[in-house]
Structures are given as structure tokens and as C-alpha cells.
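Engineer: Give me the fold of what follows.
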Amino acid sequence: MARYSPQFNAFKLVLKFDKINFYLTWSAFILALVPIIIDQFDLIKKNNEDVKSIIEIFSMIVILAGFIIVSIKDFYLFPKAETKRRHDFIDNGLGVTFSLRNSEDYYTNNDLTPGMYKLGVNLFQNVYFTTLISKKMRPKHIWKASSFAGVFILIAIYGLKNSPIALPILQFLFSASILGDLIKLLLFVNRNEKILDQVKTFFSAGVKNESIILKNYIEYETNLAWGMILLDDTIFNKYNTETEQEWQAIKNRYNIHG
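Structural biologist: Numbers count the residues shown, from 1 in each chain. Model (predicted):
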């Protein structure tokens, strides 16, 4: 377990904003359902349309708040945290000082001499951890998308026509926040698996061409920047010890030693 990493607090803030957006998304989803439930079960006898209009206004406000939160997270906080992570990665691999303070026990390859080879080993470790954790995130995303789709279909059958604004709200939430996140995660995992295969080939074949390390690193960073996937910290903490043991076994298998 890392004792310190310069990006820790930055990503902690990103996770807070992500959690706020999670609650706002589901709040908007529930608010979109309320007018349908009111009509379906005839819950309000008087001022029915006024109540539904107020609820729909609240729905739009929540969606707008979610848009602002996501914009701050994706366009400012996440890139800032990623910059800190990249600087520390380069510092540890090449022995330079882009960060004011470097991570402690974040990378477990301190027996290696700083240089392109160590950078490649750190990349191997990063890609392996990222691929493993993101793969374990798939069932949760699939379950969430399936549950949302099931509710959406039921609503479409039993009363979506009674609340015109609910349809675009639910379509937006499902396509952008739920289904979109699932598709992006699946593509992210697939691309990481390909990069991992390339890195394994480099170390198994004993290739000395350092430009291959640079190429794989650029592809990995490109995928991270494209996906903006936040790894599930609960899954990471649960499997961290096991994954670290597997990583040490991989180093022995590929004869990665100082």
C-alpha cells in the first residue's frame, strides 16, 4: 500500500465530484418518474398539472447542476490530477524531479536503475493494475445499465406518454450517463488489454528497442485521457494486496530485477 502519492488528494476531490454527480443523476431519474407515478396511480386529485410542472422544473435544475459538476470534474479536476500522476510516473521511472514530492511505495520497482527500462517496468505495473481493476468494474456497470434499461422499458409501456418531458430526460440519462459509461468502460478495458499484450511481448522477447516502451506509454496515456475512467477505489483496495503479489510473480516470470 502506497504511503504517499502526489496525485492522491487531487483524485480524492475528483471522486467527491463524481459521487455528487452520481446522486444528481439518480435524483433526476427519480424526479422524472414521479409525474408518471402520480398519473398512473392518481395520487394527487387537485392541481395535478401544477405539481408535475414544478417537479419537471426541479428535474431540469438537477440535470443542469449535474452538467456543471461533470464539466468541472472532466475539464479541470481530472486533467489536473492526471498531470500530477504523469509527473510522478516520469520522476520515478527516469529519476527526474517534475514533482515537488514523489510517491512513496506507490511503485514497487525501486531495485531498478532509473531509465527507460525502469519506465517500461512501471508502465507494465500500471497497465496490469489498471486492466485488472477495470475488468472487475464491468459487472457493476452492466448491472446498472440493465436495471436502468428495465425500468425505462416498463415506464415506456405504462405511462411515459403522460409526461412529455420525462422521455427526453430519461433518454439523456440513459444514453449519456448509464449506457455511455458502460460502452466507454468496455472499450477502455479492451484497449488496455491490447496494450498489456504489447508490453508483455516486449519483456518476454527481450527486445532492447526503447522506442517500443515510449510507443506503449503514449498509447496507454492516450487511452487514459480518452476514457477518463475513475478506477473503483473499493475494488482497488479489496484486491490491492493480491494484485501486488501477482505483480511480484510476474516480475520473476519475466526476470525483471535490478
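
Engineer: Quick check: buried residues in stretch 187-201?
Structural biologist: 188-189, 191-192, 195-196, 199-200 (16 or more other Cβ atoms under 10 Å). The way it works is simple: take the backbone N, C-alpha and C, and place the C-beta from them, glycine included.

Engineer: Take the residues you listed and keep only those in helices.
Structural biologist: 188-189, 191-192, 195-196, 199-200 (DSSP state H).

Engineer: can you give me the helices in the protein?
Structural biologist: Counting by DSSP H, the helices of the chain are 8-41, 48-72, 78-94, 116-158, 166-172, 180-205, 210-227, 233-253.

Engineer: Check which helices and strands the fourth one sits against.
Structural biologist: Spelled out, that is helix 116-158. The contact analysis (3 or more Cβ pairs under 8 Å, 6 or more residues apart in numbering; DSSP states H and E) places helix 116-158 against helix 8-41, helix 78-94, helix 166-172, helix 180-205, helix 210-227, helix 233-253.

Engineer: can you tell me the average pLDDT over it?
Structural biologist: In this model, helix 116-158 has an average pLDDT of 88.

Engineer: same check, this time on the last one
Structural biologist: Model confidence over helix 233-253 averages 93 on the pLDDT scale.

Engineer: mind checking how far it is from the chain centre?
Structural biologist: 19 Å (Cα atoms, centre = their mean, to the nearest Å).

Engineer: any chance of the ones in helices among the buried residues of stretch 187-201 in TSV, with pLDDT too?
Structural biologist: Shown next, in TSV, are these (pLDDT from 0 to 100):
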residue	pLDDT
Phe188	97
Val189	97
Arg191	97
Asn192	97
Ile195	97
Leu196	97
Val199	95
Lys200	94
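
Engineer: Adding distance to Pro79, write these out as a markdown table.
Structural biologist: As requested, these are exported to a markdown table (distance: Cβ to Cβ, whole Å):
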| residue | distance to Pro79 |
| --- | --- |
| Phe188 | 17 |
| Val189 | 22 |
| Arg191 | 19 |
| Asn192 | 20 |
| Ile195 | 21 |
| Leu196 | 24 |
| Val199 | 25 |
| Lys200 | 29 |
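
Engineer: now, which of those residues sits nearest Leu230?
Structural biologist: Phe188 (11.0 Å; Cβ to Cβ).

Engineer: The closest one reaches Ile229, doesn't it?
Structural biologist: Yes - using Cβ atoms under 8 Å, Phe188 makes contact with Ile229 at a distance of 5.1 Å.

Engineer: So what's the residue count around Ile54?
Structural biologist: Neighbour count of Ile54, defined by other Cβ atoms under 10 Å: 12.

Engineer: That'll do, ta.
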